[in-house]
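>>> need a 3D model of the sequence below.
(one chain, ligands or ions: 1)
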Amino acid sequence: MNYKPLDPKKTYLITGAAGFIGFFLSRKLLEQGCNVIGIDNINDYYDVNLKYARLEKLKPYSNFTFIKGDISDKPTITKVFEQYKPNVVVNLAAQAGVRYSIENPDVYIQSNIIGFYNILEACRHHPVEHLVYASSSSVYGANKKVPFEETDFVDHPVSLYASTKKSNELMAYTYSHLYKIPATGLRFFTVYGPMGRPDMAYFGFADKYFAGEPIKIFNNGDFENDLYRDFTYIDDIVEGIERLIGKPPLADSVPHTVYNIGNNSPEKLMVFIETLEKALSNALGKEVVFEKIFEPIKPGDVPATYASTDRLQEAVGFKPKTSIEEGLQKFADWYCEYYVK
Ligand SMILES: NC(=O)c1ccc[n+]([C@@H]2O[C@H](COP(=O)([O-])OP(=O)(O)OC[C@H]3O[C@@H](n4cnc5c(N)ncnc54)[C@H](O)[C@@H]3O)[C@@H](O)[C@H]2O)c1
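Sure thing, here's the model as predicted:
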């Protein structure tokens, strides 16, 4: 094992703990007896009931403390660090979504830039063993070279969301350089699974199907040159984060690194959709076929995402491996049970 296992004596601060990834990560750490402090502002970007449902599942753990708060509020963050003295911080709180950053840019600057700056400042004044933070595959912009490698040039983001994530990497680098904060950025590639984000396409497709409405597919209806996405199942993401928590970058020069966490196996959007139809058919015991409307690709969307996972595998001996058949079946089973379909 070339990473340190989680230490139950330590305190892990997870921001965005009521969110999709934050919830699953918190639960995994809690199951291993770690002290987890979760913070989340429970904003209504998507159905807050799902956020409360996730928190309900964390409540039974006596080693879990939840704080309803905003990372862009500096006094709140300072107080949390003073009171709980976290050993490790995992910053997942952010305004996510590419398309929404076109409609509502303010919230991206507030949460992703000011919020992350507050986390960095807190780590500067209350040193932590490791700061792990969410970046995104969107930093690769319209990169044509595949697979995307961490060494690729990523100075051409095509959405404000991507710009904020790339900015986070630069800010974290600077703080690592100046204050020797060991920091690791995670470039996630389209994460999906049960209790996932309702704003994401696969979730929206299921919603539309049950509402008796057609789904819109933004790929120009061009199946030859379809969009490709590297979809990553939530359990793989959590496993990757858990291992990387125990692998802070070396302190010799600038202790900062970024990793792709993706599947290294992109799928055509249409294949993904057909697999979702099959998974819902299995869950319901009847054939599901979506009514489809094809539209032009949306501004800010990228034609392909494809992760090289070599760096991740080399560092912690793991790469995501769940197939979309397996992962989407788990999503479909959960969806039908949760929404009683
Ligand atoms: N899910 C993906 O496919 C994906 C891909 C790339 C990057 N990411 C990044 O991973 C992280 C987690 O994503 P997720 O899918 O779990 O999203 P999510 O929206 O489900 O979770 C984020 C949580 O952060 C909270 N939050 C937002 N702004 C906040 C603020 N200012 N203060 C406190 N809490 C705040 C939200 O209420 C939410 O519960 C995000 O940083 C996101 O940008 C996710």
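>>> going by C-alpha atoms from here, please, whenever you check contacts or count neighbours.
OK.
>>> how about the residues of the stretch 51-200 of the chain near the ligand?
69-72, 92-96, 111, 115, 134-137, 188-191, 197 (CA under 6 Å from any ligand atom).
>>> could you tell me which of these belong to strands?
Those of those mapping onto strands are 134-136, 188, 191, per DSSP state E.
>>> all strands of the stretch 101-250 of the chain, in order?
130-136, 183-188, 191-192, 215-217, 228-229, 232-233 (DSSP state E, counting those that start in this stretch).
>>> quick one, the first one and strand 183-188 angle?
When axes from the mean of the first three to the mean of the last three CA atoms, to 10 degrees is applied, the directions of strand 130-136 and strand 183-188 differ by 30 degrees.
>>> ok so, going back, which of the residues of the stretch 51-200 of the chain next to the ligand count as buried?
Buried residues within these, counting neighbours by 16 or more other CA atoms under 10 Å: 69-72, 92-96, 111, 115, 134-137, 188-191, 197.
>>> ok, back up a step: which one of the ones in strands among the residues of the stretch 51-200 of the chain next to the ligand sits closest to S167?
Lowest distance from S167 to those (CA to CA) belongs to S135, with 9.2 Å.
>>> find the nearest non-adjacent residue to the closest one, please.
Using CA to CA, 6 or more residues apart in numbering and skipping residues adjacent in sequence, the residue nearest S135 is R187, 4.7 Å away.
>>> that neighbour contacts I241, correct?
No: under the criterion of CA atoms under 8 Å, R187 is not in contact with I241, lying 10.9 Å apart.
>>> and D152, how many residues sit next to it?
12 (other CA atoms under 10 Å).
>>> ok, D207 next?
The burial count for D207: 16, using other CA under 10 Å.
>>> go on, Y192?
24.
>>> need the pLDDT of it.
You'll see Y192 listed with a pLDDT of 98.
>>> hmm, what's the outermost residue in this protein?
K286 (32.2 Å; CA atoms, centre = their mean).
>>> need phi/psi at that residue.
K286 adopts backbone torsions of phi -150, psi 160, taken as degrees, to the nearest 10.
>>> and the strands of the stretch 101-250 of the chain as a markdown table, adding distance to N282?
Shown next, in a markdown table, are the strands of the stretch 101-250 of the chain (distance: least, CA to CA, whole Å):
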| stretch | distance to N282 |
| --- | --- |
| strand 130-136 | 32 |
| strand 183-188 | 29 |
| strand 191-192 | 18 |
| strand 215-217 | 20 |
| strand 228-229 | 23 |
| strand 232-233 | 19 |
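>>> ok, of those, where does mean pLDDT dip lowest?
Among these, strand 228-229 scores lowest, at a mean of 91.
>>> ok, and what's touching it?
189-190, 266-269, 303-306 (CA atoms under 8 Å, 6 or more residues apart in numbering).
>>> go with 10 Å
189-190, 219, 262-272, 302-307 (CA atoms under 10 Å, 6 or more residues apart in numbering).
>>> can I have the buried ones of these as a PyMOL selection?
This is the PyMOL syntax for the buried subset of these, where burial follows 16+ other CA under 10 Å:
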select buried, resi 189+190+219+262+263+264+265+266+267+268+269+270+272+302+303+304+305+306+307
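>>> out of the contacts of strand 228-229, which sit inside helices?
Mapping these onto helices (DSSP state H) picks out 269-272.
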